[in-house]
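Chemist: below are the sequence and a predicted model for it; my questions follow.
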Amino acid sequence: MSLIRLSLLGALAAPLLGAQPAPTSRTAAILLLQGTDTVVVERFTRSAREVTASVAVRSQPRIDLRFELGPDHLVPTTTFTVFGPNAPIDAAPLQRGTLTLRADSAILQIDGSGASRTIRVATRPGALPLLNNEFVVVEQAVQIARARGVRSLTFPVFALSAAVTLDATLDLIGTDSARVTVAGNVTEVALGTEGQIVGGRLPASTGIRLVVVDGLAAAAISLGRPDYSAPAGAPYEAIEVMVPTAAGYRLSGTLTRPLRATGKLPAVVTITGSGQQDRDEYIPIAGGVRLFRQIADTLSRRGIAVLRLDDRGVGGSGGDVNGTSADFADDIHAAVRWLRARTEIDPDRIALVGHSEGGMIAPMVAADDAKLAAIALLAGPAYTGQQIIDFQLENVVRGDSSIAPSAKDSLVRLSRAQFDSLVAGSAWMRYFLTYDPLLTIRRVRQPVLILQGATDQQIRAEEARLLEATLRAAGNRRVTLAILPERNHLFLRDPVGHPSGYQRLPSNRVDGEVLGTLADWIVRTLTPSSR
């Protein structure tokens with residue numbers, strides 16, 4: 001996952017022409033479905049003056065919202081409250097805030113972690129707020145277009161996730177549907193007679209469709225619990241586990257365990273990337289990517305037990321979600337201790353597989369635990385967080401074809417300034433920005449696999465080469481570097497690799513070349529005769 005947390009920008013709907021009435025009071029839920037799997041639920045209640053909504057995305061924080069409706073169908077004030085993933089209804093919020101859009105200014109008041117701060121950034125008059133997939137705002141855009149009597153319209157949206165103003169383009173298709181483009185992502189929606197969303201789909205390549213449930217039935221809709229069981233006929237079992245930590249909380253997870261093994265099993269612990277991730281490292285893009293589920297399936301079919309865990313505050317895991325990478329390394333130490341205590345696991349044949357930030361955490365653990373057998377770094381960083389963020393912020397702007405070339409330099413400067421303001425209160429970010437992975441990797445003496453996508457535009461291939469060179473210069477000769485062509489940061493086949501194109505990728509499956517390269521190395525390294 002991106003070291004800047006990936007966000008699903010909600011697509012905006014298109015206008016209806018003519019003299020249809022404005023939306024009346026309404027209670028509904030908008031579901032994003034992938035096949036029969038519900039990945040997003042947005043519930044809302046609309047009245048003449050306000051809309052209250054709650055947006056839940058699987059394995060990500062829940063956001064409760066209140067939109068104040070103003071003149072000309074604008075939304076001058078938005079209040080938001082952020083809760084941890086799968087938090088109970090009475091849980092304390094992680095963060096609260098208010099966004100005020102006034103003329104050409106966006107004023108953001110944020111309260112969280114015992115501190116309060118106010119941020120003021122430039123926007124454009126008439127901008128609508130956009131936090132995630134709140135399609136309530138979409139319906140406001142519909143009313144604006146109807147009031148202007150146009151079939152095509154470009155208007156600004158203020159994306160809170162990046163504190164930037166983007167252009168949304170609306171195109172009416174017939175009388176009851178529309179197409180919208182935001183940051184290169186195209187969404188089609190079906191509209192009712194009052195301009196309300198009644199259905200739709202995200203880009204065809206994602207396989208995600210919109211289903212709307214009205215009335216009292218909306219309250220009964222939930223994301224449900226992910227299915228972590230082994231597939232039918234698999235030569236391994238998947239058991240639910242709880243891993244205790246030294247800090248007193250427990251981490252929920254799944255241990256996949258080969259069924260026909262003789263003797264003690266070698267084992268792998270997976271380590272997720274940045275943001276709050278579930279044990280599959282589920283990312284709701286490109287049709288839903290589950291890198292760690294695929295890795296666990298592949299390795300356990302080849303005789304390796306795999307422990308994958310929900311991050312702190314996700315699923316059934318406890319703990320403080322506001323920790324640093326060093327804190328998360330403590331969780332992996334706990335997982336390794338738990339595995340070593342199990343009678344079916346060989347305590348001398350345990351390896352780590354870390355993706356993205358997980359590829360930064362794995363060396364932290366290995367450097368302090370000489371008994372670990374090996375580590376595999378999947379798109380692991382070599383640069384400091386500041387270097388990575390500087391590249392990512394500029395790359396997002398440079399790679400966005402919807403931004404005029406003449407505006408990109410100023411937008412890059414603005415994005416950096418806004419980023420500096422937004423991350424001031426984040427302990428995780430302060431740690432990440434200054435942490436130098438090379439200082440730690442020099443201390444790693446175990447065998448290391450560095451697996452990298454050649455077209456990755458989040459952690460670049462040059463970082464993989466730098467990790468290899470640093471390990472070898474420090475005296476570690478048991479290093480394998482594999483840079484796979486046309487693979488992005490998620491290890492999906494992607495000749496471009498820019499995050500803006502993830503939603504349009506034709507497949508959400510990591511292929512056999514990636515999984516085989518990893519599995520061959522893990523099996524070879526954890527086989528007693530080769531160690």
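Modeler: Right, received. Where do you want to start? Numbers count the residues shown, from 1 in each chain.

Chemist: how far off centre is the longest helix along the chain?
Modeler: Longest helix in the chain, counting residues (DSSP state H): helix 405-422. For helix 405-422, the separation from the chain centroid amounts to 22 Å (computed by CA atoms, centre = their mean, to the nearest Å).

Chemist: remind me which helix or strand residue 147 belongs to.
Modeler: Using DSSP states H and E, residue 147 sits in helix 135-148.

Chemist: related to what we said a few turns ago, give me the contact list for the longest helix of the chain.
Modeler: Applying CB atoms under 8 Å, 6 or more residues apart in numbering, the external contacts of helix 405-422 come out as 119, 121-122, 162-164, 389-390, 393-394, 396-398, 403. Every residue, glycine included, has its C-beta placed from N, CA and C.

Chemist: mind checking which of those residues land in strands?
Modeler: 119, 121, 122, 164 (DSSP state E).

Chemist: buried set for whatever helix or strand comes next after the helix holding residue 147?
Modeler: Later in the chain than helix 135-148, the nearest helix or strand by DSSP H and E is strand 152-159. Using 16 or more other CB atoms under 10 Å as the test for burial, strand 152-159 gives 153, 155, 156, 157, 158, 159.

Chemist: could you find the closest non-adjacent residue to the fifth one?
Modeler: Spatially, and ignoring its direct neighbours in sequence, residue 158 is nearest to residue 127 (4.4 Å; CB to CB, 6 or more residues apart in numbering).

Chemist: that neighbour and residue 159 touch, don't they?
Modeler: No: the criterion here is CB atoms under 8 Å, and residue 127 misses it with residue 159 at 9.6 Å.

Chemist: overlap in contacts, the two.
Modeler: With CB under 8 Å, 6+ apart, residue 127 and residue 159 have common neighbours residue 165.

Chemist: so how far is residue 242 from residue 419?
Modeler: Taking CB to CB, to the nearest Å as the measure, residue 419 falls 37 Å from residue 242.

Chemist: again, but for residue 57
Modeler: 24 Å.

Chemist: next: residue 31.
Modeler: Distance from residue 31 to residue 242, by CB to CB: 31 Å.

Chemist: who has more neighbours out of those two?
Modeler: residue 31 (18 against 14; other CB atoms under 10 Å).

Chemist: hmm, the more buried one is touching residue 37, no?
Modeler: No: assessed by CB under 8 Å, residue 31 is found out of contact with residue 37, at 10.3 Å.

Chemist: which residues does residue 185 bridge with?
Modeler: residue 182 (DSSP bridges).

Chemist: just give me the neighbour total for the closest residue to residue 478 other than its chain neighbours.
Modeler: Of all residues not flanking residue 478 in the chain, residue 447 sits nearest, at 4.0 Å (CB to CB, 6+ apart). Here the number of neighbours of residue 447 (other CB under 10 Å) works out to 23.

Chemist: check residue 33 too.
Modeler: With other CB under 10 Å as criterion, residue 33 counts 15.

Chemist: picking that back up, are any of the ones in strands among the contacts of helix 405-422 buried, and which?
Modeler: Here, 16+ other CB under 10 Å leaves 119, 121, 164 buried among the ones in strands among the contacts of helix 405-422.

Chemist: which residues does the first one bridge with?
Modeler: In other words, residue 119. residue 108.

Chemist: how's this structure carved up into domains?
Modeler: For the chain, the structural domains run 26-220, 236-383+438-530, 385-434, going by automatic domain parsing.

Chemist: out of those domains, which is the most enclosed?
Modeler: Sort the domains of the chain by mean neighbour count, taking mean count of other CB atoms under 10 Å, and domain 236-383+438-530 sits at the top with a mean of 20.

Chemist: so which residues of the stretch 301-450 of the chain form strands?
Modeler: 305-309, 345-355, 374-378, 448-453 (DSSP state E, counting those that start in this stretch).

Chemist: same check, this time on the stretch 151-300 of the chain
Modeler: 152-159, 164-173, 177-182, 185-191, 197-201, 208-214, 236-244, 250-258, 265-271, 282-283, 289-290.

Chemist: wait, which of the ones you listed is closest to residue 340?
Modeler: strand 265-271 (9.1 Å; CB to CB).

Chemist: and the closest one, what does it pack against?
Modeler: helix 291-301, strand 305-309, helix 325-340, strand 345-355, helix 357-368 (3 or more CB pairs under 8 Å, 6 or more residues apart in numbering; DSSP states H and E).

Chemist: the closest residue to residue 51 other than its chain neighbours and residue 501: what is the separation?
Modeler: Once flanking residues are discounted, residue 51 sits nearest to residue 67: 4.4 Å by CB to CB, 6+ apart. According to CB to CB, residue 67 stands 30 Å off from residue 501.

Chemist: now, which of the buried residues of strand 152-159 sits nearest residue 73?
Modeler: Closest approach between those and residue 73, by CB to CB: residue 155, at 10.8 Å.

Chemist: show me what contacts the nearest residue to that closest one once chain neighbours are set aside?
Modeler: Closest residue to residue 155 apart from its sequence neighbours, by CB to CB, 6+ apart: residue 168 at 5.8 Å. Residue 168 makes contact with 12, 141, 154, 155, 156, 157, 180, 181, 182, according to CB under 8 Å, 6+ apart.

Chemist: ok, residue 318 next?
Modeler: Residue 318 neighbours (CB under 8 Å, 6+ apart): 249, 250, 251, 312.

Chemist: would TSV of these with distance to residue 375 and pLDDT be doable?
Modeler: TSV is the format used below for these (distance: CB to CB, whole Å; pLDDT from 0 to 100):
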residue	distance to residue 375	pLDDT
249	25	95
250	24	96
251	19	96
312	21	90
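
Chemist: farthest pair within these?
Modeler: Going by CB to CB, the pair spanning the contacts of residue 318 furthest: 250 and 312, at 10.3 Å.

Chemist: I'd say residue 340 and residue 346 touch.
Modeler: No: using CB under 8 Å as the test, residue 340 is too far from residue 346 to be in contact (9.0 Å).
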